[in-house]
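*Asks:* sequence plus predicted model, see below.
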Amino acid sequence: MALPGQGMRVGLFATCINDLMFPQTVRATVDLLRRLGCQVEFPPAQTCCGQMMTNTGYFKAALGSVRSFVKAFDKYDAVVAASGSCVASVRHQHTMLAGRVGSAKLEEQARRSAAKTYDITEFLVDVLGVVDVGAFFPHRVTYHPSCHSTRLALIGERPYQLLRAVAGIDLLDLPEAEQCCGFGGTFSVKNPDLSVALASAKAANVMATGAEYLVAPDNACLMNIGGILSRGRAGVKPIHLVEILAQTEVAAA
Amino acid sequence: MNPRIGPDQPAVPTGSAKPAPALPFPAAARRELANPQLRANLRKATSTIQAKRALRQAETPDWQELRSAAAAIKDRTLRHLDHYLLQAEAALIEAGAQVHWAATADEANAIVTTLVKRTGADEVVKVKSMATQEIDLNEALAKAGIAAWETDLAELIVQLGHDTPSHILVPAIHRNRAEVREIFLAEMRLNGAPAPPDLTNDPQELAAAARVHLREKFLRAKVGISGGNFLVAETGTLVIVESEGNGRMCLTLPQTLISVVGIEKLVPTFQDLEVFMRLLPRSSTGERMNPYTSMWTGVTPGDGPQEVHVVLIDAGRGKALAEPTARPMLRCIRCSACMNACPVYQKVGGHAYGSVYPGPIGIVLTPQLRGFGAAQTRSLPFACTLCAACADVCPVKIPLPDLIVHQRNKAARHKQREPRPHLETLAIAGAGWAFRRGWHLGLVGRLTSLAGRLAGSRTAIGPLPWPASAWTRARDLPVPARRTFRQWWKKQQS
């Protein structure tokens, strides 16, 4: 039987924060996509989605990111990233940036690249048509549906579908799950007191579930909530959704 | 006993006086975060209203179509605002109203003050109104020796409490009933009918005390002042949507009625109201229908106010209309659903924003109306995690996160023009360089991975000095990867 990703050439968008801080997430994405038959490539010309600059108001400084993105991924059928936030920025902000401070040509290129950029959960469920990826993760986990993934990239129920299909998993409901964790990019350092207040409320809800792992579709949120959990020695580990999906019984054994 | 004091000593409590120079948002937020009573009050109030709103949305099958229709009506009106404004003016005059145009807040205040003075009155009763709060009308009237009595229950609490509103719909959201009781006992007797000495914090008793206190003012007032939720261009009909009946009193009892209305409040036809009358109560209070809707078209001889004035104010709206990235904020119908949904607002309440408009709409509207000159207004667009919960609930589909990012762009450009370098502009310049080329980021990765290796067996970084303290004071930071993904991939390929 052919694998779902047989013959697909996927451009992997690592994202800057995952590249430098959480490479295990990107490696898990590679493992998972390869296991499903995809041919995965990492074009080294890529950098980042630029939203750190865009969302702090520096549109011109973000333009280099837009240029490097369209250049790096021009030749791929699909671009996949394990971050709803970065995917949403590519889809939603690149054309705006190109239109405001770039050129008409760049705007057109950005529109094309935006149309083929997917969050990993969308790529699995919509493009490859798989929900059960053959994962095994015999642990109690609770899921935080990151705001940008949910409300901007609109990945919807996909993470829950994927998690429910994981063998051995015990998925616990997170109270006030839709509430923002308070990361917000540069918000976390421009308004640190508020950011911490929000992250603490989220961490308290996470701890109330009794989960061993906090799972999310975006490492930025995990870094924020995880920072509170780690400082409090809470014993709850943050883990990216993809890292769970990449785990198999063979790997565990 | 008539508690009114002569023109030299305005009697109104200094309720809506602006607090001493507003702090930039981060500092103001820190101040508010320290108040546990406020946090508890806000949490209870916003979660209750949010749940009711969600229920109304869920039971309305055409909710998304209604939102699209509302956005389309507002956009069309704004596109042809010049036409509709003249149409409204003609219809108002035809119906016996007098129309006044004010380009600025000061002009509007001068017009209203003159109109009140002309009646010889030294006090007015007010329907809750965002427009008059925005232009500081009460303060302007007080300067002219005219007492402006707020008659909305929550506005009364705020005014008697020498306080400022902290929410556009429920201005006393930061107060609980025990606090309200204390305010009523201490202040009502100084400003009119006193509260009964045995007043408890039972909501019915509190409302009864307010009713007695306010009735005296309703029956005495010669002039009423209102805003307007909507102004129908084809008929010149003004609409006020409210819950307590105080509006009805103010709009019908006085001889003179003055309404201060933003030019963006227009809707073209009476039929267009239908869409908004369904969206507004459901989005604001979570009710299918608000208890009192008052509509009036000019003067009806022998019935209600015989002198009707409408002051149409620009006060920065024209400028917003001219900017494509600011224009959608003029769709706002002041329902407050965005602030109830906002995680930042829920934690700090309205006072942290130093503006009559707090929450998501406030952080785009306030700098738009006031400009980006002050550090305080520049800090407002950053009072947001861009979680987009507001955009999901906005009944007129204002793309709030996008507008917020555009306001940040204006704030950043302001900052870049300043002579002294900011840490932020330097950091952004560095990031801009790092992300311009793949190999630039590769170089940065070599440095971070070196730092990761130097950290040894450590997995998390604890408290660090400034500027890293902003993150690390209360949160650990993960140690950078010992080998970046880029390095790992390169090794795999070779």
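*Replies:* Yes, it's here. Numbering: from 1, shown residues only, chains lettered A, B, ... in the order given.

*Asks:* all contacts plus neighbour counts: C-alpha atoms, from now on.
*Replies:* Fine.

*Asks:* take stretch A:136-146, keep the C-alpha atoms, and write them as PDB.
*Replies:* Presented in PDB, the C-alpha positions along stretch A:136-146 are these (Å, rounded to 0.1, in the frame of the first residue of the first chain):
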ATOM      1  CA  PHE A 136       2.200   5.900  20.600                       C
ATOM      2  CA  PHE A 137       2.300   8.000  23.700                       C
ATOM      3  CA  PRO A 138       1.200   6.300  26.900                       C
ATOM      4  CA  HIS A 139       0.900   9.500  29.100                       C
ATOM      5  CA  ARG A 140      -1.600  11.900  30.600                       C
ATOM      6  CA  VAL A 141      -1.600  15.100  28.500                       C
ATOM      7  CA  THR A 142      -3.600  18.300  28.300                       C
ATOM      8  CA  TYR A 143      -3.900  20.400  25.200                       C
ATOM      9  CA  HIS A 144      -3.600  24.200  25.000                       C
ATOM     10  CA  PRO A 145      -5.100  25.400  21.700                       C
ATOM     11  CA  SER A 146      -2.700  28.300  20.900                       C
END
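
*Asks:* got the buried residues for it?
*Replies:* Residues of stretch A:136-146 classed as buried under the neighbour-count rule (16 or more other CA atoms under 10 Å in any protein chain shown) are A:F136, A:F137, A:R140, A:V141, A:T142, A:Y143, A:H144, A:P145, A:S146.

*Asks:* tell me which of those is nearest to chain B?
*Replies:* Minimum distance to chain B across the buried residues of stretch A:136-146 is 8.6 Å, recorded for A:S146 (CA to the nearest CA).

*Asks:* list the contacts of that closest one.
*Replies:* A:G84, A:E178, A:C180, A:A216, A:P217, A:D218, A:C221 (CA atoms under 8 Å, 6 or more residues apart in numbering or on different chains).

*Asks:* for these, which one is nearest chain B?
*Replies:* If you rank the contacts of A:S146 by distance to chain B using CA to the nearest CA, A:C180 comes first, at 6.2 Å.

*Asks:* gap between the closest one and A:A199?
*Replies:* With distances defined as CA to CA, to the nearest Å, the gap from A:C180 to A:A199 amounts to 8 Å.

*Asks:* please enumerate the shared neighbours of those two.
*Replies:* The contact lists of A:C180 and A:A199 share no entry, where a contact means CA under 8 Å, 6+ apart.

*Asks:* let me know the pLDDT of residue 16.
*Replies:* The chain I'm using is chain A. Predicted confidence (pLDDT) at A:C16: the value is 97.

*Asks:* wrong chain, I was asking about chain B
*Replies:* Checking the pLDDT column for B:S16, the value is 42.

*Asks:* is it correct that B:V158 is in contact with B:V170?
*Replies:* No: using CA atoms under 8 Å, B:V158 is not in contact with B:V170; the gap is 10.2 Å.

*Asks:* so which of these two has more stuff around it?
*Replies:* B:V158 (26 against 18; other CA atoms under 10 Å in any protein chain shown).

*Asks:* tell me the SS of that one?
*Replies:* For B:V158, the secondary structure call by DSSP: H, G, I helix; E, B strand; the rest coil comes out as helix.

*Asks:* circling back to that earlier point, keep only those of the contacts of A:S146 that are in strands.
*Replies:* Using DSSP state E, A:A216 are the members of the contacts of A:S146 that sit in strands.

*Asks:* neighbour count and distance to B:R39 added to the contacts of A:S146, as TSV?
*Replies:* Listed next are the contacts of A:S146 as TSV, based on neighbours: other CA atoms under 10 Å in any protein chain shown; distance: CA to CA, whole Å:
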residue	neighbour count	distance to B:R39
A:G84	28	31
A:E178	15	19
A:C180	27	17
A:A216	22	27
A:P217	29	30
A:D218	26	28
A:C221	27	23
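
*Asks:* residues touching residue 67, list them.
*Replies:* You didn't pick a chain, so chain A it is. Contact criterion CA under 8 Å, 6+ apart gives A:L106, B:R436 as the residues in contact with A:R67.

*Asks:* nope, chain B
*Replies:* B:R67 sits next to B:L279, B:P395, B:V396, B:K397 when contact means CA under 8 Å, 6+ apart.

*Asks:* out of the residues you listed, which is nearest to A:S65?
*Replies:* When the contacts of B:R67 are compared for distance to A:S65, the smallest value, 29.2 Å, is given by B:K397; criterion: CA to CA.

*Asks:* secondary structure element holding residue 43?
*Replies:* In the absence of a named chain, this looks at chain A. Under DSSP states H and E, no helix or strand contains A:P43.

*Asks:* please refer instead to chain B.
*Replies:* B:R43 belongs to helix B:36-59 when assigned by DSSP H and E.

*Asks:* that helix near chain A anywhere?
*Replies:* No: Helix B:36-59 is not in contact with chain A by CA under 8 Å from any CA of the partner chain; minimum separation 10.7 Å.

*Asks:* what packs against that helix?
*Replies:* In terms of contacts (3 or more CA pairs under 8 Å, 6 or more residues apart in numbering or on different chains; DSSP states H and E), helix B:36-59 is packed against helix B:273-284, helix B:337-341, helix B:343-348.
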